[in-house]
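Asker: need a 3D model of the following:
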Amino acid sequence: MQISLALVAPNTIAREGLARILGEQGFEIVAQVSGPEDPVLDSAVRDQTNVLILLDASVKGDKCEVLEQVHERHPDARIAVLAETFEFDSMVNCFRGGAHGFLVKEIGCKPLVTSLRLIAQGEKVLPSHLADYLPDQSLTPLMMDGEQSLEQANLSDREQQVLRCLMVGYPNKIISRHLNISEATVKVHVKAILRKLRVSNRTQAAIWASGRGLDQMDYSNRAMAN
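Answerer: Got it, this is the predicted structure:
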């Protein structure tokens, strides 16, 4: 499933670099603008039924106010904020302002792609820095056992195929069609994956896999999910 993405970033080099990277990963870049007030953004988002807006937090003005304006003008769009550094209060304010994901620029290409796909599919994504603000007793097993490898998780070949689909952000219906198995079987595999990885949801599973070098599925096959 191809995702329409609009880039809002004041730096031309950064904007073009992101467009090239994400375009190669199967995103359809529908707009590249330096600021949210650009009419090109309004036109591009208006003409799309499902669009993800990647907003660079370095845009001019108060980013919370800018984010609220973007959300008000494009209430049906998914919004991901790309920040220079992690600040807890800033992250909270972004989510209050309408963001669906908060990412930090130090993120690698694979986790970035995975995170954006998850946000586009309706998930909310938070940076791993958030773990530093949680008391030890509230950390999930995944956070406490961050060194667990893919091999130690002991996933079957089919479970790894399903996990790759989760990394792309596919829902169960699309996974079943892509792998030619029933939705009920997909649910069984997803439940087993969450148990083996010791995570609580699909988003955590996808980010876990991306952080451990599991290759995402071949995007040349994404037409099967259309």
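
Asker: for the rest of this, base every contact and every neighbour count on C-alpha atoms.
Answerer: Will do.

Asker: what does the host helix or strand of Ala14 rub up against?
Answerer: Using DSSP states H and E, Ala14 sits in helix 12-24. For helix 12-24, the external contacting residues (C-alpha atoms under 8 Å, 6 or more residues apart in numbering) are 7-9, 29, 32, 34, 109, 113.

Asker: what's the per-residue pLDDT of Phe95 here?
Answerer: pLDDT recorded at Phe95 is 88.

Asker: and it, how far is that from Val125?
Answerer: 10 Å (C-alpha to C-alpha, to the nearest Å).

Asker: avg pLDDT for whichever strand or helix holds Arg164?
Answerer: Here Arg164, judged by DSSP H and E, is contained in helix 157-168. For helix 157-168, the mean pLDDT works out to 90.

Asker: which elements pack onto it?
Answerer: Contact here means 3 or more C-alpha pairs under 8 Å, 6 or more residues apart in numbering; DSSP states H and E; on that basis helix 157-168 packs against helix 109-120, helix 183-197, helix 202-211.

Asker: export it to PDB, keeping only CA atoms.
Answerer: Taking Å, rounded to 0.1, in the frame of the first residue of the first chain, the C-alpha atoms of helix 157-168 are listed here in PDB:
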ATOM      1  CA  ASP A 157      10.000 -18.400   9.100                       C
ATOM      2  CA  ARG A 158       6.300 -17.600   8.800                       C
ATOM      3  CA  GLU A 159       6.400 -15.400  11.900                       C
ATOM      4  CA  GLN A 160       9.300 -13.500  10.400                       C
ATOM      5  CA  GLN A 161       7.300 -12.900   7.200                       C
ATOM      6  CA  VAL A 162       4.400 -11.600   9.300                       C
ATOM      7  CA  LEU A 163       6.700  -9.400  11.300                       C
ATOM      8  CA  ARG A 164       8.100  -7.900   8.100                       C
ATOM      9  CA  CYS A 165       4.600  -7.000   7.100                       C
ATOM     10  CA  LEU A 166       4.100  -5.400  10.500                       C
ATOM     11  CA  MET A 167       7.200  -3.300   9.800                       C
ATOM     12  CA  VAL A 168       5.500  -2.000   6.700                       C
END
